[in-house]
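Undergrad: Next come a sequence and a model predicted from it.
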Amino acid sequence: MTTTTFSVDGMTCGHCVRSVTEELSALPGVEDVQVELVAGGASPVTVVSAAPLADAAVQAAVVEAGYAVTPRRSLL
């Protein structure tokens, strides 16, 4: 099991959450998707999968739903 959390910009309602959840759930190996909606901000999305997911696959699924993955910030 692998758990990955990332942020998604642009979600404002339950419909947004459903769209992102459906697209991510369609990825091979995804077992669970949890979204904490932050209307007007970056919403944390946690994905549980059988194996690590490729960043490009996650980003493509989020874009397909109509939103954008927030770039990770460097701590350096």
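TA: Yes, it's here.
Undergrad: Going along the chain, name the helices of the chain.
TA: Listed in chain order, the helices of the chain (DSSP state H) span 14-25, 55-65.
Undergrad: would TSV of those helices with mean pLDDT, distance to residue 5 and mean neighbour count be doable?
TA: No exception for glycine: its C-beta is placed from N, CA and C like everyone else's. Output for the helices of the chain, formatted as TSV (pLDDT from 0 to 100; distance: least, CB to CB, whole Å; neighbours: other CB atoms under 10 Å):
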stretch	mean pLDDT	distance to residue 5	mean neighbour count
helix 14-25	96	12	16
helix 55-65	95	11	16
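Undergrad: and of those helices, who's closest to residue 36?
TA: helix 14-25 (9.2 Å; CB to CB).
Undergrad: export the helices of the chain to JSON lines and tack on distance to residue 45?
TA: Compiled in JSON lines, the helices of the chain are given as follows (distance: least, CB to CB, whole Å):
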{"stretch": "helix 14-25", "distance to residue 45": "7"}
{"stretch": "helix 55-65", "distance to residue 45": "8"}
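Undergrad: What confidence value was assigned to residue 73?
TA: Residue 73 is assigned 56 on the pLDDT scale.
Undergrad: Actually, residue 40.
TA: For residue 40, the model assigns a pLDDT of 78.
Undergrad: try the one 5 residues further on
TA: Reading off the per-residue confidence, residue 45 sits at a pLDDT of 96.
Undergrad: Bridged to it, which residues?
TA: Beta bridges link residue 45 to residue 6, residue 35, judged by DSSP bridges.
Undergrad: quick one: contacts for it?
TA: 5-8, 20, 24, 33-36, 62 (CB atoms under 8 Å, 6 or more residues apart in numbering).
Undergrad: any idea which of the residues you listed is the one closest to residue 70?
TA: Of these, the one sitting nearest to residue 70 (CB to CB) turns out to be residue 7, at 3.8 Å.
Undergrad: how near is that closest one to residue 28?
TA: 23 Å (CB to CB, to the nearest Å).
Undergrad: who's more crowded, these two?
TA: Each of residue 7 and residue 28 has its neighbours counted (other CB atoms under 10 Å); residue 7 has more, 16 against 9.
Undergrad: can I assume the more buried one is in contact with residue 44?
TA: Yes. Under the criterion of CB atoms under 8 Å, residue 7 makes contact with residue 44 at 5.9 Å.
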